[in-house]
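Asks: Need a 3D model of the sequence below.
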Amino acid sequence: MTRNEQNYYNDVSSIEKSLKRIASALENNPLQEQTVNRAVNRILEGNIDSQVDETLQAEEDEQARLYTDDIKAQDDALNKETQEELDTHHDLLHQLVQNLDSTDYLEFCNEHCLRASDTVEVSNYITDLDYDEVLGIIRELEEKSDDQANEDVIEESFTDTSKKDGVPCDDDYDIRASAEIYNAEINYPHGHLGTKKDCILDYVTNEFGSHGARYTDIIKFAYYLSDPNSPKFGYDNRGYYSQGMSGRRPYLVYGGKDHFVKGINKDGVERYFALSFVESVTDYWKYCDNRKK
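Replies: Numbers count the residues shown, from 1 in each chain. Sure, this is the predicted structure:
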């Protein structure tokens, strides 16, 4: 029997006793009938009010329980989403550290007071990092990787003057040839790519696809897009052509109908993608930190 049912039967019993006393009073003194009727009405009204109050209270308790359960469910979903995102960044950092060469790995361990010989300690350290810490270290390693890539392209200027399809036939021939094609598209009156920014975004999407492009890939193509016959791209050229990515007016990462964003590719590595393309290859992407708002 529920609490409401118990209360109901208790009230009935109480009413029954009261009615018996009233009946006895009427037998002894019929003149008190009006007074007794008012007393009976008060008893019955009091019982009805009590039942209504209990019903309303039960409904309020149920609503409060449902509201609390709903808030808890939302909190659980948010915590799960946050944890999944943190786990993804932990996995990415694990991969980046594993890809370090021996010198960079030792430097990483020294910076974070870890024993390089204890891989379990290093792994546990990475797993225990909070959200901001893990993002900060990932950013540092990515920047170091970009710097190394830039150093790798520092080579002596080519001396071979041979050409193929109108551009120098050196190690960057494929990029030069692509730049030549995009140049023709810009200069063609009915071309669908009207600006160099359009060409760079289109080139990265078609050339790198779901893998995404590195910082150096973008500025290197921008360099040759200005002139496919330019001297071989080197470190000295990096500064000027990076302005569109990180300068005072980084037009390649902000503004217009389309621009670059950063996303995590299928290999778990952060790369650049066109905003119009990124959601077709990954759910993990963000706007570039240095874009001007």
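Asks: what about this protein, any weak spots by pLDDT?
Replies: The model of the chain has pLDDT under 70 over residues 1-56, 59, 63-82, 146-161, 189-191, 235-236, 238, 247, 289-293.
Asks: Can you pull the domain assignment for it?
Replies: 3-76, 99-152, 163-286 (automatic domain parsing).
Asks: How about the contacts made by His211?
Replies: 265-267, 271 (Cβ atoms under 8 Å, 6 or more residues apart in numbering). Any C-beta I mention is one placed from the backbone N, CA and C, and that applies to glycine too.
Asks: Pull out the buried residues from the residues you listed.
Replies: Among these, the ones that count as buried by 16 or more other Cβ atoms under 10 Å are 265, 271.
Asks: Adding secondary structure and distance to Thr216, write the contacts of His211 out as JSON lines.
Replies: Shown next, in JSON lines, are the contacts of His211 (DSSP: H, G, I helix; E, B strand; the rest coil; distance: Cβ to Cβ, whole Å):
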{"residue": "Asn265", "secondary structure": "coil", "distance to Thr216": "16"}
{"residue": "Lys266", "secondary structure": "coil", "distance to Thr216": "20"}
{"residue": "Asp267", "secondary structure": "coil", "distance to Thr216": "17"}
{"residue": "Arg271", "secondary structure": "strand", "distance to Thr216": "11"}
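Asks: Closest to Gln243 out of the contacts of His211?
Replies: Closest approach to Gln243 among the contacts of His211 (Cβ to Cβ): Arg271, at 20.3 Å.
Asks: I figured the closest one was touching Phe277, is that so?
Replies: No: if you go by Cβ atoms under 8 Å, Arg271 and Phe277 don't touch, sitting 11.7 Å apart.
Asks: Next, give me the two most distant ones among the contacts of His211.
Replies: Within those, Lys266 and Arg271 form the most distant pair, 10.2 Å apart (Cβ to Cβ).
Asks: residues touching the residue nearest to Asn237 when sequence neighbours are not counted, list them.
Replies: Closest residue to Asn237 apart from its sequence neighbours, by Cβ to Cβ, 6 or more residues apart in numbering: Tyr223 at 5.4 Å. With contact taken as Cβ under 8 Å, 6+ apart, Tyr223 is in contact with 230, 233, 237, 241.
Asks: Top of the residues you listed by number of neighbours, please.
Replies: Greatest neighbour count in the contacts of Tyr223, by other Cβ atoms under 10 Å, goes to Phe233: 24 neighbours.
Asks: Isn't that one up against Ala222?
Replies: No: counting by Cβ under 8 Å, Phe233 sits too far from Ala222 to count as a contact (9.8 Å).
Asks: still on that earlier bit, from the contacts of Tyr223, which ones fall inside helices?
Replies: 237, 241 (DSSP state H).
Asks: of all the contacts of Tyr223, which comes closest to Tyr105?
Replies: The nearest member of the contacts of Tyr223 to Tyr105, counting by Cβ to Cβ, is Phe233 at 29.4 Å.
Asks: so what's the closest one up against?
Replies: Contacts of Phe233 (Cβ under 8 Å, 6+ apart): 153, 172, 220, 223-224.
Asks: which among these gets closest to Tyr182?
Replies: Checking the contacts of Phe233 one by one against Tyr182 (Cβ to Cβ), the nearest turns out to be Tyr224, at 9.4 Å.
Asks: need the contact list for that closest one.
Replies: 172, 175-176, 178-179, 230, 233.
Asks: count of residues packed around Leu201?
Replies: Leu201 has 25 neighbours, counted by other Cβ under 10 Å.
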